[in-house]
Structures are given as structure tokens and as C-alpha cells.
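**Student:** my questions concern the predicted model and sequence given below.
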Amino acid sequence: MIARDAIVLAIDTATSTAGVALYTEDRVLAEATWVTQGNHTAELMPVLASVMERQRLKVRDLGGLVVSIGPGSFTGTRIGLAVAKGLALAHTLPLVGVPTLDALAYAHAPLRLPTWAVVEAGRGRYCAALYGIQRGQWQKVLPYRIVKLDSLVPDGNHKTLYCGELDRDAREYLRQKFADLAILAPSAASLRRPAFLAELGWRRLLAGETDDVATLSPIYLQHPVSEREP
């Protein structure tokens, strides 16, 4: 269990949208997001170092680590996980992994709308999961899956929010196919912010939950070789 005033570092490299955040219960101390062109390895550590330096923090000042574990890019997810594991082992810090789509959907939980959270999986496919209120709790109501856009059907006859990595064509398709039942989050609200990842992880750490550094692994919905197929 971490102290309530502990600072946690969150790392998300699960897709081409990458980010890091420094989080405490009272505030987000720092947050950086950017779109990378497959350069997670070269870009992550300089951004992480810059965020830490601006807050005049060292790794020894952290109370825990949070990392996005996919679904998403095989290579990208693996890079963030490797960095988080290395820091955890070197500095004896507790580590938790949080599914990428959980953090994306969590940002919209206060709306209490059925929510499809999606990230691109290539070749017109998406990693997706449906979230909503069940038994009074915000949670995933359908499992993580790889789908085409036409499978992202609204939850019954309820207005359903769509958020995440949806380009202009995808948004237009959803509008035309599902009409007024589809609510498209604007681009700024669709950004996968590492601060939400950090908050979910912080809650787990505060409750005394940790993941085994040796066995924590990414969530894969397809064989990694498929990312190299044309």
C-alpha cells in the first residue's frame, strides 16, 4: 500500500499516442502526450526525464509506477512495459498495469453513458471494449475485442458515446450508420490522457494491490506478427 500523498508515475506507449504523467491524490503534477511515428524507444526517456526535472523529482521520490498494458501496438506496449519494469526493479517500486481501453473510457465515466473506447489496430480494425454502469458501478460490459466499425453498435436503443482513435472517415461512418444514437467525443476529449491511467493505477496501489514485475505482460488480441502483414 502506498501513502495517500505518494506521487506515481504513469507511462503509456500502447499506441502511436504516447504519454507520461506525474499524479498525486490532490493534483496532476505534470502530463505530456504526443503522437509518435514509431519512435517510442527514442522519445520516451527524454520526455520522462523532462517531466521529472520540471517537478524537481528523482525516481526515489516516487511512491509507485503505473503502465498501460494494452491492447494496442505489440512493440509500443512492450517498450513502455520494459521501462516501467526496469524502474520498478532498480528502485524497488510497486508497479501496476492498467488496460489501455480502461483508462480511455474512465475519462468519460461521469457522463454515465454507454461508451465504446477504441484504439486503432490497423487495416481498418479497432481494439475496442464497451463500458457502462452495471450494478451501480462503472465497468467494462463487453470484453476487449478486435472489430470493424460496423460491429461498434450502440448499446440497445441508448445513446452511446464513442471515444478514442477515430479519424474523420470513421466518425462520419458512425454518424451515418447509427444516426442520433452515436455521440462522437470531440478530438480533445478523445485524447488518451496518461493522467487517467495514473489515477486508476494510484487507486489500485492505495488499496495495496500490485502486479508481479516478472510476470506482468501485455494484453494481446492478435498474434504480434499480424502487425507486419500488409
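**Tutor:** Cool, got the structure.
**Student:** going by C-alpha atoms from here, please, whenever you check contacts or count neighbours.
**Tutor:** Will do.
**Student:** longest helix of the protein, counting residues only.
**Tutor:** helix 74-91 (DSSP state H).
**Student:** care to break the protein down by domain?
**Tutor:** 8-100+193-228, 108-190 (automatic domain parsing).
**Student:** strands along this protein, start to end?
**Tutor:** All strands of the chain, identified by DSSP state E, fall at 8-12, 17-23, 28-35, 64-68, 95-98, 115-122, 125-134, 137-140, 145-147, 160-164, 182-184.
**Student:** between these, which gets nearest to Glu199?
**Tutor:** Smallest distance to Glu199 across the strands of the chain (Cα to Cα): 7.1 Å, for strand 17-23.
**Student:** just want the most central residue of the chain.
**Tutor:** What sits nearest the mean C-alpha location of the chain, by Cα atoms, centre = their mean, is Thr100, with 3.0 Å.
**Student:** what distance do you get for the closest residue to it other than its chain neighbours to Pro114?
**Tutor:** Nearest in space to Thr100, with sequence neighbours left out and distances taken as Cα to Cα, 6 or more residues apart in numbering, is Gly70 at 4.8 Å. The gap separating Gly70 from Pro114 is 21 Å, by Cα to Cα, to the nearest Å.
**Student:** more neighbours, the two?
**Tutor:** Gly70 (29 against 24; other Cα atoms under 10 Å).
**Student:** close enough to count as contact, the more buried one and Tyr220?
**Tutor:** Yes - Gly70 is within contact range of Tyr220, at 6.9 Å (criterion: Cα atoms under 8 Å).
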